[in-house]
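# starting from these lines, generate the structure:
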Amino acid sequence: MSNWEEGSVPSDTAQVIVNACSVCPTLTSNVSLKTITLNSGSSINLNTYTLTTLPTIGIPDVSMNNAVVYSSNSKIACGSPALDNCIFNGDISFQVGDISRESDYLVSSGGNIYNGKVVFDLIGDNQWFMGTTAGEIFNEDVIIKLRTGFYGGGYYGGGYFRLGNGTAGFSDTLTNIFNKDLFIEADSSNNGCLLSNIQCRGKFRLLAPHSYATILITGNSTFDKSVTLTSNIDNRNYANLIDFLPNDKQVVFKDSVIISTHNQFSENIGGIFMGNLVGDILAGKCIFDSSSILQVNSFENSQLYLVHCEFAKRFSGTSIYLPQDSSSYLGYYFNTNFGKVSISAPTIGIYQNVFNEEVTFTKTGIGQSYFLGGNRFKKKVTVHNQVGSESAIPMSYLINDIISP
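Next up, the predicted model:
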């Protein structure tokens, strides 16, 4: 069926094609179709209604290319969307996937402009790759919801959302712009998300209330306003992983970074990783600029790694405190600190850092802490031990470091 005939409504078996049009389809109620294709120069007005298509594995049931979509808080419920170089005007939500069927691999080339609030609700055991050849622009708030898949499993779990053509090992050169707030909720287990080259000009919030969520932020990414990371671990076999992985690029935080974790088990599992977990001087870095603050509100039985991070020269000081009543571990490797540093954690690992101002370490737990060498202390260094059999962390731990106060 090419274009909608005046006065008729297609059935749920119709394969609708909308070509370039001067009088284009407008929904006056909820509509169910088998597939819909919007070709270059076409448009559709969804008003406040829901457009539902029939999910078919391996075949896009919603295909939009160089089209315009008008919406007033409407919804597109589909299985395999392909969205390329379109303009979306007004608030819209996409419910993508089917929790009752086998996994699907969904690809959208990107280059879209979203002029209203957008909700991406990914359900089922699906993988949706967006912006694979062109960056996306979001001019209002964006919410990404990841819900568990029926089949589940695999490194990225049941539901997996990727924005950009970067991977966990390689960064892409595209830029995805969020002009307002970005909120990611992995609201059930078995899901993952990878965002490449993010320019987030609003607040960024990430909530992982259940275990087995893998969230990766990679490439050249900038966060202009506050970043809030909240993680809960309720499965000891598959703990959450939140990883800011710049590879050979940079992730820059221009405002506060607020971290909260809760682990329901006593094991030290799961964690948050900021930077590259490699000893490579060419590796990218996470940069906390002069206005940013790293704040740990709560951290229970988890791991916090700060690796290849840089705390800016005008930064007033770095204070990292992990609660005493936990078995949490702080790994502090290959970082450059231009301001004063105060670190307090149950267990600490320090390796290959540069401290340009005074630094104080306080071990609050009974576990062994590790001063692994290669650090350079240019001002006074103080080491305390509040708990454990050692009366203090011996200064001999620093034997392979350079101390020049």
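
# report the mean per-residue pLDDT for the helix or strand containing Ile44.
With elements taken from DSSP states H and E, the one containing Ile44 is strand 43-45. Mean pLDDT, strand 43-45: 96.

# stretch 10-26 now?
88.

# which other residues reach it?
1-4, 31-45, 47, 52, 54, 67 (C-beta atoms under 8 Å, 6 or more residues apart in numbering). The C-beta positions use only the backbone N, C-alpha and C, and glycine is treated the same way.

# now that stretch: buried residues?
Pro10, Ala14, Val16, Ile17, Val18, Cys21, Cys24, Pro25 (16 or more other C-beta atoms under 10 Å).

# low-confidence ranges in the stretch 201-350 of the chain?
For the stretch 201-350 of the chain, the stretches flagged by pLDDT under 70 are 211-212, 235-240, 265-269, 277-283, 290-292, 313-318, 325-326.

# host element of Gln127?
Per DSSP H and E: strand 126-130 holds Gln127.

# by contact count, what packs against that strand?
Helices and strands touching strand 126-130, as assessed by 3 or more C-beta pairs under 8 Å, 6 or more residues apart in numbering; DSSP states H and E, comprise strand 104-107, strand 159-163.

# mean pLDDT lowest where, among those strands?
strand 104-107 (a mean of 70).

# helix or strand next in line after it, which one?
Following strand 104-107 toward the C-terminus (DSSP H and E): strand 113-114.

# which other helices and strands does that following strand contact?
So strand 113-114, by 3+ C-beta pairs under 8 Å, 6+ apart, packs with strand 87-89, strand 137-138.

# just how off-centre is the longest one within its chain?
Chain-centre distance of strand 87-89: 24 Å, with C-alpha atoms, centre = their mean, to the nearest Å.

# circling back: quick one: the strand holding Ile44 to chain centroid distance?
That offset, for strand 43-45, works out to 31 Å (C-alpha atoms, centre = their mean).

# then stretch 44-55?
For stretch 44-55, the distance to the chain centre is 28 Å (C-alpha atoms, centre = their mean).

# quote the end-to-end distance of that stretch.
This stretch, stretch 44-55, spans 20 Å end to end (C-alpha to C-alpha, to the nearest Å).

# what comes up buried for that stretch?
Ile44, Asn45, Leu46, Tyr49, Thr50, Leu51, Thr52, Thr53, Leu54, Pro55.

# how about the contacts made by the fourth one?
Spelled out, that is Tyr49. So Tyr49 contacts Leu27, Thr28, Ser29, Asn30, Val31, Ser74 (C-beta under 8 Å, 6+ apart).

# would you turn the buried residues of stretch 10-26 into CSV with distance to Gln352 and secondary structure?
Converted to CSV, the buried residues of stretch 10-26 look like this (distance: C-beta to C-beta, whole Å; DSSP: H, G, I helix; E, B strand; the rest coil):
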residue, distance to Gln352, secondary structure
Pro10, 64, coil
Ala14, 63, coil
Val16, 60, strand
Ile17, 60, strand
Val18, 59, strand
Cys21, 62, coil
Cys24, 61, coil
Pro25, 61, coil
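
# what is the nearest of those to Arg147?
Using C-beta to C-beta, Val16 is the member of these that lies nearest Arg147, at 27.7 Å.

# any idea what the closest one is bridged to?
Ile36 (DSSP bridges).

# next, the buried residues of stretch 175-187.
Buried, per 16+ other C-beta under 10 Å, within stretch 175-187: Thr175, Asn176, Phe178, Asn179, Lys180, Asp181, Leu182, Phe183, Ile184, Glu185, Ala186, Asp187.

# tell me the mean pLDDT over stretch 126-135?
On average, stretch 126-135 scores 82.

# let me redo that: stretch 182-198
80.

# element containing the nearest residue in space to Val359 that is not next to it in sequence, please.
Once flanking residues are discounted, Val359 sits nearest to Val341: 4.2 Å by C-beta to C-beta, 6 or more residues apart in numbering. Using DSSP H and E, Val341 falls within strand 340-345.

# that strand - contacts with which helices or strands?
Counting contacts by 3+ C-beta pairs under 8 Å, 6+ apart, strand 340-345 packs against strand 317-321, strand 329-333, strand 359-363.

# nearest to Lys249, out of those?
Here strand 329-333 is closest among those (C-beta to C-beta), at 18.5 Å.

# ok, the residue lying closest to Lys378 once chain neighbours are set aside to Leu194 distance?
Excluding its sequence neighbours, the residue lying closest to Lys378 (C-beta to C-beta, 6+ apart) is Asn356, at 5.1 Å. According to C-beta to C-beta, to the nearest Å, Asn356 and Leu194 sit 34 Å apart.

# go on, Val359?
Taken as C-beta to C-beta, the span from Val359 to Leu194 is 34 Å.

# just checking, Leu122 touches Ile143?
No. Between Leu122 and Ile143 no contact is recorded; they are 11.2 Å apart, counting by C-beta atoms under 8 Å.

# who has more neighbours out of the two?
Between Leu122 and Ile143, counting by other C-beta atoms under 10 Å, Leu122 is the more crowded of the two (24 against 16).

# many thanks, have a good one.
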